[in-house]
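Asker: Sequence and predicted structure below; questions after.
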Amino acid sequence: MSKILSIYGRDVKNIVTNWAALVIIAGLVMLPSLYAWFNIKASWDPYGNTGDIAIAVANNDKGTTMKGQSLNLGKEVVASLKDNHKLGWRFVSEADAMRGVRHGDYYASIIIPDNFSASIATVLSDNPTHAEILYYVNEKINAVSPKITSSGASGIIQEVSKNFVKTANGTIFKIFNELGIELQNQLPTIEKVRSLVFELEKNFPEINQAVNTAAQDIHTTNELVSKAQGALPIVTDLAKNGQQLAAGLDDFMGKASTAAKDIAPNVKQDLLLLQQTSMATEQLTALLKDPDVDPKTALDALDRISSRLTTGLEVQEALISWFDRLNQTAGGRLDFVSSKLKQVRDKMQSQLTLVNQIRSGVKKGEKPAMDLVNKLNTISGDVSDLLGDILGRYDSEIQPAIESGLQKAVKSAAEAKKVMDSAVQSLPDVKKVLSDASKGLAIGTQGISVIQKELPGVEAKVKELADRMRKFESEGNLQEVIDLLKNNFQQEGQFFAEPVVLKENQLFPIPNYGSAMSPFFSTLALWVGATLLVSLVTTEVHSPAAGTDYNSIQIYFGRFLTFLTLALLQSVLVTAGDIFLLGTYVVDKGWFILFGLVNSAVFMLIVYTLVSVFGNVGKALAIVLLVLQLAGSGGTFPIQTTPPFFRAIHPFLPFTYGISMMREAVGGMIWSVVRSDLLIMCVYVVITLVIGLALKGIINQLAAGLVKKAKESKLIH
């Protein structure tokens, strides 16, 4: 042990007393920190500075009219982009946009065609067509910029779809809202007429008995007739009011039928959007199967699909409820729609679950599991087929069934109007009968036979009117219809446009990209520092003190203490500079510095042992290890995005566990992860020491002749 310490003490003395060596050693200590600091600062917040990425926007939309209202979605897109500072939007002509993107003045260009609004407005026609936005990108300017600009273009499409659904559905629901309020206002009169008709029907047996009794008791009959004549003006007024109300109800149901024709295409548009969501999910699987896909692009795509699937599930719940209620008036003809939509809902829920599982894996730095991706692809195809079947039968079966249900209600309203018209027409007959009865009573029993003859006809007409009212009530609940139509049209339009708002929760938030990359660049700098040390400082002890003879083990440990000291100084400078000079975000600062010391010690031991045992060949091996770890450690891109070779060696690389420890200190400690990483690092130490102690003396002796011959070339030291 004393000889090991003597080698270490001699090295320290030589460094301190030789100013040239001291300057070189100081430079070697500082160089790794500069390597780490410049790289971290350069990548501090690249995605927060995308506002200077120039994207040309050319709006050629001429606008259109829909239901008598002007519509120019191109102008709305431009207005929204002017308030969006995430990308550098440049509003130019189409010619300037195309010329600029070809020559590299713009990274991409977006062209809104002249028929953009007109194409979207075809949703209310028999042959709706998809609107297009033309997107051009110059991919040779930069490797990452196409992914950023593509995200911006997708955001435009999503915003346009949301605003259109909100506007169109809001207009239709407003019509229903007005009709529902009108019907609600007339509901007391409707109830009053209904009660009067049923009461009159109930009392007719008593009227008949009174007429029969009149033959025996003229006086009693005369009183009854007088009462009936006194009540007749009231009955007349109520019946006329009922006639006017029935006419208003008939007109209302006609308007409802017309409104249904307007909303049907919007329901179809919702189904098309659901199908597009499933198709987009199916397309996502192709992106996930690409081994070279950018993990951020994959994560962004997964987030968008997750949001669209969640929105789709909410829309489906509304559609299922709507079709269930409408099916009651359509005689069960829409059962298959609700059934298939429920199948779509269940499968889309499975899609959302799979997307969230894949997204969770990607966030952890894992490669999307192919079995999950393939399953997602299969379910997405099933959903597209189910929605395709519904859309294929929409015009021929579903829309006619919707209109048929409302036509049935219209027919019932028309029948109610006829009943009330008949009742009003019958009132003169009732009045005539009562008048005749009164005259008959005046002249005696001669008029009784006339009354008895006319009264059954009046009773039959009143009973017919009551039966028709009961039939109308059995076919539907008027209050349910009113409640459905009175819903807030603005809120319903907003709901269909954006039924779900994503609430994001970050478990280990890191405020900037530079801080997130500091574990990788710091770990890399420590290995580079170790490699620089063994390249410029010898691992052998030359010119030992007189009378001193060192064996290979003593040289190995004695000189390693010198390298370890310098490596630890490098680590302190790198990690402390990250925190206090650059201001990187670190939750556990003390552990960050300590883990840096552990990494530096282990890396130095590995690199020192390679050079101490294998000489110049060891230096080459250290550089090879550095190259392999750059791609195989998962420090930049998730390891799942790399080729199979790097995924295979990933668990065996020191960087894998060194970076993992540093990340725990930056984002927040999970001690089970830290303990596992430290255990693996200890394994590296044991393996390295075994190699160094067992092979140093043997290999050094075997290679002595080779080294001597190589030095004779005057090229290799």
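Answerer: Perfect, thanks for sending it. Bear in mind that the values here come from a model prediction, so they are computed numbers and not experimental data. Residues are numbered from 1 along each chain as shown.

Asker: Can you list the residue ranges for helices in the stretch 201-350 of the chain?
Answerer: Counting by DSSP state H, counting those that start in this stretch, the stretch 201-350 of the chain has these helices, from start to end: 218-289, 295-329, 335-363.

Asker: in the shortest one, what counts as buried?
Answerer: Looking back up the chat, that one is helix 335-363. Of all the residues in helix 335-363, those buried under the rule 16 or more other C-beta atoms under 10 Å are 336-338, 340-341, 344-345, 347-352, 354-355, 358-359, 361-362. (C-beta placed from N, C-alpha, C; glycine too.)

Asker: same check, this time on the second one
Answerer: By neighbour count, and taking 16+ other C-beta under 10 Å as the criterion, the buried residues in helix 295-329 are 295-298, 300-302, 304-313, 315-316, 319-320, 322-323, 326-327, 329.

Asker: Return the list of helices and strands in contact with that helix.
Answerer: Applying 3 or more C-beta pairs under 8 Å, 6 or more residues apart in numbering; DSSP states H and E, one finds that helix 295-329 makes contact with helix 145-214, helix 218-289, helix 335-363, helix 399-443, helix 489-497.

Asker: Let's see that with 6 Å instead.
Answerer: helix 218-289, helix 335-363, helix 399-443 (3 or more C-beta pairs under 6 Å, 6 or more residues apart in numbering; DSSP states H and E).

Asker: now swap in the shortest one and tell me
Answerer: Counting by 3+ C-beta pairs under 6 Å, 6+ apart, the packing neighbours recorded for helix 335-363 are helix 295-329, helix 370-392.

Asker: can I see the domain layout of this structure?
Answerer: 2-43+511-538+550-711, 53-160, 169-497 (automatic domain parsing).

Asker: Among the ones you listed, show the one with the smallest mean pLDDT.
Answerer: The minimum mean pLDDT among the domains of the chain belongs to domain 169-497 (a mean of 68).

Asker: looking at it, His85 is touching Ile53, isn't it?
Answerer: No: between His85 and Ile53 there is no contact under C-beta atoms under 6 Å: 11.3 Å.

Asker: For those two, indicate the residue with more neighbours.
Answerer: Counted by other C-beta atoms under 10 Å, His85 and Ile53 do not tie: Ile53 has more neighbours, with 20 against 10.

Asker: ok now do the more buried one, which residues does it touch?
Answerer: Leu87, Gly88, Tyr107 (C-beta atoms under 6 Å, 6 or more residues apart in numbering).

Asker: ok, now Asn551?
Answerer: Applying C-beta under 6 Å, 6+ apart to Asn551 gives no contacts.

Asker: How much space separates it from Leu693?
Answerer: 11 Å (C-beta to C-beta, to the nearest Å).

Asker: got it, and Lys347?
Answerer: Distance from Lys347 to Leu693, by C-beta to C-beta: 62 Å.

Asker: same thing with Ser660?
Answerer: 28 Å.

Asker: Compare the two (neighbour count), which wins?
Answerer: Legend: neighbour count by other C-beta under 10 Å for Ser660 and Leu693, higher for Ser660 (20 against 15).

Asker: secondary structure element for that one?
Answerer: Using DSSP states H and E, Ser660 maps to helix 654-667.

Asker: Show me what that helix is packed against.
Answerer: Secondary-structure packing of helix 654-667 (3+ C-beta pairs under 6 Å, 6+ apart): helix 513-536, helix 589-614, helix 671-702.

Asker: Serialize those to CSV and add fields for distance to Val29.
Answerer: Shown next, in CSV, are the helices and strands packed on helix 654-667 (distance: least, C-beta to C-beta, whole Å):
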stretch, distance to Val29
helix 513-536, 8
helix 589-614, 11
helix 671-702, 22
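
Asker: residue contacts, the nearest residue to Trp44 once chain neighbours are set aside?
Answerer: Nearest residue to Trp44 in three dimensions, chain neighbours excluded: Gly514, at 3.4 Å (C-beta to C-beta, 6 or more residues apart in numbering). Gly514 is in contact with Ile40, Ser43, Trp44, counting by C-beta under 6 Å, 6+ apart.

Asker: 8 Å instead?
Answerer: By C-beta atoms under 8 Å, 6 or more residues apart in numbering, Gly514 lies in contact with Ile40, Lys41, Ser43, Trp44, Asp45, Leu582, Thr584.

Asker: what's the answer for Tyr106, then?
Answerer: Ala54, Ile55, Ala56, Arg90, Ala97, Gly100, Asn138.

Asker: any idea how far it is from Gly668?
Answerer: In terms of C-beta to C-beta, Tyr106 sits 41 Å off from Gly668.

Asker: what do you get for Ala401?
Answerer: 57 Å.

Asker: Give me the more crowded residue out of those two.
Answerer: More neighbours surround Ala401 than the other of Ala401 and Gly668, with 21 against 13 (other C-beta under 10 Å).

Asker: Next one: that one from Ala516, what distance?
Answerer: 55 Å.

Asker: Equivalent analysis for Leu568, please.
Answerer: 25 Å.

Asker: Kindly report the same for Asn72.
Answerer: From Asn72 to Ala516 the distance is 43 Å (C-beta to C-beta).

Asker: what's the answer for Pro509, then?
Answerer: In terms of C-beta to C-beta, Pro509 sits 10 Å off from Ala516.

Asker: and if you look at Lys463?
Answerer: 83 Å.

Asker: which of these two has more neighbours?
Answerer: Using other C-beta under 10 Å as the criterion, Lys463 and Ala516 rank with Ala516 on top: 18 against 14.

Asker: What is the burial count for Leu391?
Answerer: Applying other C-beta under 10 Å, I find that Leu391 has 15 neighbouring residues.

Asker: Buried residues, stretch 569-577. List them.
Answerer: Leu569, Gln570, Ser571, Leu573, Val574, Thr575, Gly577.

Asker: Repeat that for stretch 378-388.
Answerer: Ile379, Ser380, Gly381, Asp382, Val383, Ser384, Leu386, Leu387.

Asker: I'd like those laid out as TSV, including distance to Gln640.
Answerer: Conversion of the buried residues of stretch 378-388 to TSV gives the following (distance: C-beta to C-beta, whole Å):
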residue	distance to Gln640
Ile379	22
Ser380	21
Gly381	24
Asp382	27
Val383	26
Ser384	27
Leu386	32
Leu387	32
